[in-house]
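Chemist: Predicted coordinates and the sequence they were generated for:
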Amino acid sequence: MLRFAIFAVLVAAAVADTCIHCICLHESGCKPLGCRMDVGSLSCGYYQIKLPYYEDCGQPGKKSGESTDAAWKRCSDDLNCATTCVQNYYNRYKGGCSTYGFGTCEQMSRLHNGGPAGCRNSGTLGYWNVIKSCCGCS
């Protein structure tokens, strides 16, 4: 039973790694793009992270005395920092997806695209379909 539990955790981690890579590919070609206007506000870096998203993910990598705006832009263009932000954001809001029966990748994709209510927002389904076709996730 313990072996199965460990296997299940490893499979879930592999799916999350593949999923987050597909999100990165979709958002930026997995390149540090800097910031661009998107739907009326700036989206930055590998995952096209907006400032409120960065604040919600816990502001990883923020240095003492650094403004949140500067930290967000710098973190977004650093793959490790930006990936940490996406993972933190998912971990913060995944509880809101629990009643929908979605797999890990669908939850992560829809939250990334639609914010804290992304799992119940039908507008995130198209985004999920793009990510699903990349990773073959369910």
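Modeler: Yes, it's here. Numbering: from 1, shown residues only.

Chemist: Any idea how many residues pack against the nearest residue to residue 28 once chain neighbours are set aside?
Modeler: Spatially, and ignoring its direct neighbours in sequence, residue 28 is nearest to residue 46 (5.2 Å; CB to CB, 6 or more residues apart in numbering). The way it works is simple: take the backbone N, C-alpha and C, and place the C-beta from them, glycine included. When neighbours are counted by other CB atoms under 10 Å, residue 46 registers 27.

Chemist: for residue 40, same thing?
Modeler: Counted with other CB under 10 Å, residues neighbouring residue 40 total 5.

Chemist: any idea how far it is from residue 104?
Modeler: 30 Å (CB to CB, to the nearest Å).

Chemist: before we move on, back to that, where does the residue nearest to residue 28 sit: helix, strand or coil?
Modeler: Using DSSP: H, G, I helix; E, B strand; the rest coil, the secondary structure recorded for residue 46 is coil.

Chemist: From residue 81, how far out is it?
Modeler: Noted for residue 46: a distance of 9 Å to residue 81, by CB to CB.

Chemist: so residue 18 is in which element?
Modeler: For residue 18, the host element (DSSP states H and E) is helix 2-28.
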